[in-house]
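**Student:** 3D, please:
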Amino acid sequence: MTATTSVVVPMIIAGATAMLTTTLLKSKPVYDSLREIFVKSTDGDGTPRSASAS
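**Tutor:** Sure, this is the predicted structure:
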């Protein structure tokens, strides 16, 4: 935004490293993991399991 390109190379390296790491580890996408956790902790409609039991 300020026409500074001094951080472009480190950003590209960081992004490539992150992609390479997740590809090699065959990890699940973050949002898929978060969705699983959310669904397990709620009834699927956003209400906590403990609130719907009463």
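
**Student:** okay, whatever helix or strand residue 22 lives in in CSV with CA atoms only?
**Tutor:** Residue 22 is located in helix 8-25, with elements delineated by DSSP states H and E. Taking C-alpha atoms only, helix 8-25 is exported to CSV below (Å, rounded to 0.1, in the frame of the first residue of the first chain):
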residue,chain,number,x,y,z
VAL,A,8,7.5,-9.3,-0.8
VAL,A,9,10.2,-11.9,-0.9
PRO,A,10,9.8,-12.9,2.8
MET,A,11,6.0,-13.1,2.4
ILE,A,12,6.4,-15.3,-0.6
ILE,A,13,8.8,-17.6,1.2
ALA,A,14,6.6,-17.7,4.3
GLY,A,15,3.5,-18.6,2.2
ALA,A,16,5.4,-21.2,0.2
THR,A,17,6.8,-22.8,3.4
ALA,A,18,3.3,-22.9,4.9
MET,A,19,1.9,-24.6,1.8
LEU,A,20,4.8,-27.1,1.6
THR,A,21,4.5,-28.0,5.3
THR,A,22,0.7,-28.6,5.1
THR,A,23,1.1,-30.6,1.9
LEU,A,24,3.9,-32.8,3.3
LEU,A,25,2.0,-33.4,6.6
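
**Student:** chain center to that helix, what's the gap?
**Tutor:** Distance of helix 8-25 from the chain centroid (C-alpha atoms, centre = their mean, to the nearest Å) equals 15 Å.

**Student:** past that helix, which element shows up next along the chain?
**Tutor:** As assigned by DSSP H and E, the chain's next helix or strand after helix 8-25 is helix 30-41.

**Student:** can I get that next one as CSV, trimmed to CA atoms?
**Tutor:** The C-alpha trace of helix 30-41 is given here as CSV (Å, rounded to 0.1, in the frame of the first residue of the first chain):
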residue,chain,number,x,y,z
VAL,A,30,-8.1,-25.3,9.2
TYR,A,31,-11.8,-24.4,8.5
ASP,A,32,-12.7,-28.0,8.1
SER,A,33,-11.2,-28.8,11.4
LEU,A,34,-12.9,-25.9,13.1
ARG,A,35,-16.2,-26.9,11.6
GLU,A,36,-15.8,-30.4,13.0
ILE,A,37,-15.1,-29.0,16.5
PHE,A,38,-18.0,-26.7,16.3
VAL,A,39,-20.5,-29.4,15.2
LYS,A,40,-19.3,-31.7,17.9
SER,A,41,-19.7,-29.1,20.6
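
**Student:** all set, thanks.
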